[in-house]
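Asks: below are the sequence and a predicted model; questions follow.
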Amino acid sequence: MEIAYEDVSSGPQEETAKGLAFLGHAREPLQTSLRSSDPQPLSAFLTNFSKARDTLANTEFAGMCSA
C-alpha cells in the first residue's frame, strides 16, 4: 500500500478508511472518555467566548462551547 501526503492532507477520512480496509479493520467512530477537569465553563476563561462560540457554531466543535 502506498500513502501519499497529498492524498492524506486533501482527504484524511477517505485515506484512513483505505488504510483500515487494507489492514482488514472496520472503520469505527472515534470515542473518548475525556472530560473537562475544571468545573468552570469555558466562558469563564475566554474573554471573546461569544465570538468563539459563534465561529464554531456549525462545526464538530460546537459542543465545546456550551456556556
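Replies: The structure has been received and is ready for your questions.
Asks: what about the lengthiest helix in the chain, average pLDDT?
Replies: If you go by DSSP state H, the chain has its longest helix at helix 12-23. Across helix 12-23, pLDDT averages out at 89.
Asks: mind listing residues that contact the very next helix or strand once past that helix?
Replies: Proceeding N to C from helix 12-23, the next assigned helix or strand is helix 49-56, under DSSP states H and E. The contact list for helix 49-56 (Cβ atoms under 8 Å, 6 or more residues apart in numbering) reads 42-43, 46, 62, 64-65, 67. Heads up, the C-betas are built off the backbone N, CA and C, glycines and all.
Asks: and the least confident of those residues?
Replies: Scoring the contacts of helix 49-56 by pLDDT puts Ala67 last, at 55.
Asks: what residues of the longest helix of the chain count as buried?
Replies: Residues of helix 12-23 classed as buried: 15, 18 (neighbour count, 16 or more other Cβ atoms under 10 Å).
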